[in-house]
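1. the amino acid sequence is not available; the structure is as follows:
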């Protein structure tokens, strides 16, 4: 009888231990599943904060608010209060909904400078309105950069070898850190009656890129046409071979040997 009681007690203990292990395992799964989903409080802008705006004045005007975001959506360096920047001014334009980060604030003398990430370079390109998404690209925007080229190679004797025209993705995602003023330039196009000159507005846009990206962008800007595509949080961009004329108008090349 005593032996049966001992066995029963052992069985109950084993059952309880197994249940505890299962509970701990399930809790671990839940914790991993919710990791990054935890809500944290960050400071964000409610209105546009212009370069040179005083933090204290902006706060008094109600241009800051606290909001909760998922931990995985918190921007690196995001602040939860203005205590560490209360005596500073904005050195870059901040837009409604943008999380407040310390590196966009500094002394008044810094306001004319660009806010460039520590590991990046600032490179500028001059684009027409259509090449910069009709003016919707602003500092803080994220863009993909495309290149359209009509490449020519030279053989050993100096002869030209023309390659197919193409358009393809150059850089999948870069941050715009500055937008300059718009100027008017003249563009001459050939027509059946000769040539025609039109005025085209062009704007200088500055992006933060790595050295490798800078080399690609500078080369593309000097030797081809560059276009920006504005990205949203849900935009999907992938690197691929791009397109040529045969992809756009295949019927024109069906009988070409």
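-> Good, I have the coordinates. Keep in mind the model is a prediction, meaning the values are calculated, not measured.
2. make it CA atoms for all contacts and neighbour counts henceforth
-> OK.
3. residues in contact with residue 68?
-> 39, 40, 41, 42 (C-alpha atoms under 8 Å, 6 or more residues apart in numbering).
4. just the closest of those residues to residue 229, please.
-> residue 42 (28.7 Å; C-alpha to C-alpha).
5. count the neighbours of the closest one for me.
-> Residue 42 sits with 21 neighbouring residues when counted by other C-alpha atoms under 10 Å.
6. what about the residue lying closest to it once chain neighbours are set aside, distance to residue 230?
-> Distances taken as C-alpha to C-alpha, 6 or more residues apart in numbering put residue 80 closest to residue 42, at 4.3 Å, once the chain neighbours are dropped. Applying C-alpha to C-alpha, to the nearest Å, the value for residue 80 to residue 230 is 28 Å.
7. with neighbour numbers in mind, choose between those two.
-> Just comparing residue 80 and residue 230: by other C-alpha under 10 Å the higher neighbour count belongs to residue 80, 19 against 16.
8. which residues touch the more buried one?
-> With C-alpha under 8 Å, 6+ apart, residue 80 has these contacts: 41, 42, 43, 66.
9. now, these that are in helices?
-> Among the contacts of residue 80, DSSP state H puts none in helices.
10. quick one, what contacts the closest residue to residue 162 other than its chain neighbours?
-> For residue 162, ignoring the flanking residues on the chain, the nearest one in space by C-alpha to C-alpha, 6+ apart is residue 152 at 4.5 Å. By C-alpha under 8 Å, 6+ apart, the contact set of residue 152 is 160, 161, 162, 163.
11. OK, contacts around the last one?
-> Contact partners of residue 163, counting by C-alpha under 8 Å, 6+ apart, are 150, 151, 152, 153.
12. just the buried members of the contacts of residue 68?
-> 40, 41, 42 (16 or more other C-alpha atoms under 10 Å).
13. can you list those in TSV and add pLDDT and distance to residue 51?
-> Output for those, formatted as TSV (pLDDT from 0 to 100; distance: C-alpha to C-alpha, whole Å):
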residue	pLDDT	distance to residue 51
40	89	28
41	91	25
42	92	21
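14. quick one: low-confidence residue ranges for the chain.
-> 1-13, 15-20, 23-36, 108-114, 182-200, 251-257 (pLDDT under 70).
15. from residue 173, how far out is the residue nearest to residue 162?
-> For residue 152, the distance to residue 173 - C-alpha to C-alpha - is 28 Å.
16. can you show me the strands along the chain?
-> 39-45, 64-70, 89-90, 105-106, 121-128, 142-149, 152-154, 160-162, 166-191, 194-209, 225-230, 243-244 (DSSP state E).
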